[in-house]
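>>> Based on what follows, work out the 3D shape:
(one chain, ligands or ions: 1)
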Amino acid sequence: MEEKPVILTCAQPTGGLTLGNYLGALRNWSRMQYDHECYFGIVDMHSITMPCVPSELRSNTLSCLAQYIACGLDPEKSHIFVQSHVIGHAELAWVLSCLTPLGELQRMTQFKDKVSKLGFKASEPEDEKEGEAVKFKHSGARAQASINSGLLSYPVLMAADILLYNADLVPVGEDQRQHMELCRDLAQRFNQVYSETFKIPSAYVSKAGARVMSLADPTRKMSKSDENQNATIFIHDDPDLVRKKIGSAVTDSGNEIKAGQEKPGVTNLLSILSALTGKETSEIEEDFTGKGYGEFKKEVAEATIETLRPVREKYLSLSEDKTYLLSALQNGTAVAQKRAYRILSKVYRKIGFVERPR
Ligand code: TYM
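All right, here's what the predicted structure looks like:
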């Protein structure tokens with residue numbers, strides 16, 4: 001029997017999944033389950049690069065699993081697992097980090113963005129004074145955090161997530177392209193240094209929904225961790241909240257419903273509606289000729305609500321069923337561990353680590 005191409009992809013269990021995650025990622029993942037062997041990870045080890053309340057991380061991880069299944073990922077068809085349950089991610093990340101020049105990590109756009117969000121200058125990380133700390137707010141409590149080295153080496157852990165399964169294809173949103181390039185470089189570098197071991201994985205970025213922008217600031221991507229409550233639509237938001245958020249979305253001067261560089265707000269809403277309905281942007285522009293922003297936003301809101309309705313309903317029915325959720329991880333974790341162990345053992349052998357006594 002011909003082997004199916006292997007897909008590996010993941011999301012962080014940091015807060016709820018967003019309309020961006022759904023349109024740019026999960027909707028495509030669920031469509032790919034039928035003709036690929038799929039590994040879908042919930043990457044809790046990535047989440048701790050930012051301050052995390054332990055009890056929230058625990059409940060967000062199971063909630064992320066419920067959202068995966070609600071979005072159509074099928075634990076009977078695909079291997080769904082939690083990253084920290086599979087031994088090998090951190091081990092391979094260590095090996096790969098020994099092949100990664102520091103400068104490559106310091107140049108990563110997401111690292112620079114996150115560092116500047118925390119209030120440090122990314123261009124001068126060495127200026128960070130020892131003990132200097134930024135204050136964070138979460139769930140009313142305050143915690144302290146400085147720039148940790150996990151934030152810098154995050155893309156190496158991501159490369160390890162992918163290479164540990166020798167994946168052929170990695171479906172991701174536009175924002176992960178740079179991390180994917182590093183992953184491909186690291187695979188090539190390892191193969192050159194230690195002989196052919198890894199496949200070189202390809203990123204799969206779908207055209208529709210690849211970069212959904214914030215409703216409050218359409219020059220930034222829609223993100224789970226945005227502090228502005230109106231910036232992000234979560235897949236479990238109730239219809240009235242979706243109407244409110246889209247109703248208050250930033251639009252642009254003028255009143256024409258037309259995409260363009262000078263109209264990032266309207267362009268974002270147009271591409272959301274296009275990703276939701278499958279219609280071309282130009283067709284939507286034509287439908288709304290002579291109509292106002294109010295009518296347009298109403299249509300975007302209703303299309304969002306209708307698309308998310310079955311997802312939300314399934315999520316609400318699954319989220320309380322912890323027994324089912326834990327059982328849904330069982331098979332995926334075992335299969336993932338078996339594959340990960342085989343590839344990690346091969347890597348260790350190639351590097352020259354002595355075989356473990358049996
Ligand atoms: P994360 O958790 O931020 O996002 C999960 C997936 O959703 C996509 N995405 C978006 N797509 C369109 N518009 C948006 N506004 C938007 N926001 C997020 C992301 O591109 C991603 O596909 N580093 C990854 C997690 C990760 C990973 C991996 C991914 C860790 N290891 C290995 C693939 C393979 C991340 O933070 O995704």
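>>> Near whichever residue of the stretch 151-300 of the chain sits closest to the ligand, how many other residues are there?
For the stretch 151-300 of the chain, the residue closest to the ligand is residue 173, as judged by Cβ to the nearest ligand atom, at 2.5 Å. C-beta coordinates here come from the backbone N, C-alpha and C atoms, glycine included. Using other Cβ atoms under 10 Å, residue 173 is surrounded by 22 other residues.
>>> Mind telling me what element residue 301 is part of?
According to DSSP states H and E, residue 301 maps onto helix 293-318.
>>> List the buried residues for that helix?
293, 296-297, 299-301, 303-305, 307-308, 311-312, 314-315, 318 (16 or more other Cβ atoms under 10 Å).
>>> picking that back up, let me see the contact set for the residue of the stretch 151-300 of the chain closest to the ligand.
Residue 173 makes contacts with 20-21, 24-25, 205, 209-212, as judged by Cβ atoms under 8 Å, 6 or more residues apart in numbering.
>>> what does the stretch 1-150 of the chain have sitting close to the ligand?
Taking Cβ under 6 Å from any ligand atom as the contact definition, the stretch 1-150 of the chain meets the ligand at 8-12, 20-21, 24-25, 43, 46.
>>> Among the residues you listed, which pair sits farthest apart?
8 and 20 (20.2 Å; Cβ to Cβ).
>>> List the neighbours of the helix or strand residue 283 falls within that are in contact with it.
Here residue 283, judged by DSSP H and E, is contained in helix 281-287. By Cβ under 8 Å, 6+ apart, the surrounding residues in contact with helix 281-287 are 257-259, 270-271, 273-274, 277.
>>> Please apply the same query to stretch 239-246.
With contact meaning Cβ under 8 Å, 6+ apart, stretch 239-246 is reached by 215, 230, 232-233, 237, 269, 297-298, 300-301, 304-305, 308-309.
>>> circling back: determine which two of the contacts of helix 281-287 are furthest apart.
258 and 277 (17.4 Å).
>>> so how far is the ligand from residue 86?
Note on residue 86: its distance to the ligand, by Cβ to the nearest ligand atom, to the nearest Å, is 12 Å.
>>> Count the neighbours of that residue for me.
Neighbours of residue 86 using other Cβ under 10 Å come to 26.
>>> what about the helices in this structure?
Assigned by DSSP state H, the helices in the chain fall at 19-21, 27-32, 44-47, 54-70, 89-97, 102-106, 109-118, 149-163, 177-194, 239-247, 264-277, 281-287, 293-318, 322-351.
>>> of those, which approaches residue 3 most closely?
For the helices of the chain, proximity to residue 3 was assessed by Cβ to Cβ; helix 322-351 is nearest, at 12.4 Å.
>>> Check whether that closest one comes near the ligand.
No: against the ligand, helix 322-351 shows no contacts by Cβ under 6 Å from any ligand atom, the least distance being 12.7 Å.
>>> any idea how far that helix is from the chain center?
20 Å (Cα atoms, centre = their mean, to the nearest Å).
>>> ditto for stretch 4-23
Its chain's C-alpha centre and that of stretch 4-23 lie 5 Å apart, by Cα atoms, centre = their mean.
>>> Quick one: end-to-end length of it, please.
The separation between the terminal residues of stretch 4-23, taken as Cα to Cα, to the nearest Å, is 24 Å.
>>> Get me the contact residues on the stretch 201-350 of the chain for the ligand.
Going by Cβ under 6 Å from any ligand atom, the residues of the stretch 201-350 of the chain near the ligand are 209-212, 221-222.
>>> Let's see that with 5 Å instead.
Along the stretch 201-350 of the chain, the residues adjacent to the ligand under the rule Cβ under 5 Å from any ligand atom are 211-212, 221-222.
>>> Can you name the two of those that sit furthest apart?
Largest separation among these by Cβ to Cβ: 211 and 222, giving 8.8 Å.
>>> Overlap of the contact sets of the two?
The contact sets of residue 211 and residue 222 overlap at residue 20 (Cβ under 8 Å, 6+ apart).
>>> Give me the more crowded residue out of those two.
A count of neighbours by other Cβ under 10 Å puts residue 222 above the other of residue 211 and residue 222, at 25 against 15.
>>> Check which helices and strands the helix holding residue 301 sits against.
When contacts are defined as 3 or more Cβ pairs under 8 Å, 6 or more residues apart in numbering; DSSP states H and E, helix 293-318 sits against helix 54-70, helix 239-247, helix 264-277.
>>> rewinding a little: for the helices of the chain, state which one has the densest average packing.
helix 19-21 (a mean of 25; mean count of other Cβ atoms under 10 Å).
>>> And for that one, what's in contact with it?
11, 173, 209, 211-212, 221-224, 232-235, 272, 304, 308.
>>> Of the residues you listed, which belong to strands?
residue 11 (DSSP state E).
>>> What is the lowest-pLDDT residue among the contacts of helix 19-21?
Least confident entry in the contacts of helix 19-21, by pLDDT: residue 209, with 81.
>>> quick one: contacts for that residue?
Neighbouring residues of residue 209 by Cβ under 8 Å, 6+ apart: 20, 22-24, 27, 173, 271-272, 275.
>>> closest to residue 83 among those?
Nearest to residue 83 among those: residue 173, at 18.7 Å, using Cβ to Cβ.
>>> Could you give the number of residues near residue 5?
15.
>>> Excluding covalently adjacent residues, which one is nearest to it?
Closest residue to residue 5 apart from its sequence neighbours, by Cβ to Cβ, 6 or more residues apart in numbering: residue 168 at 4.2 Å.
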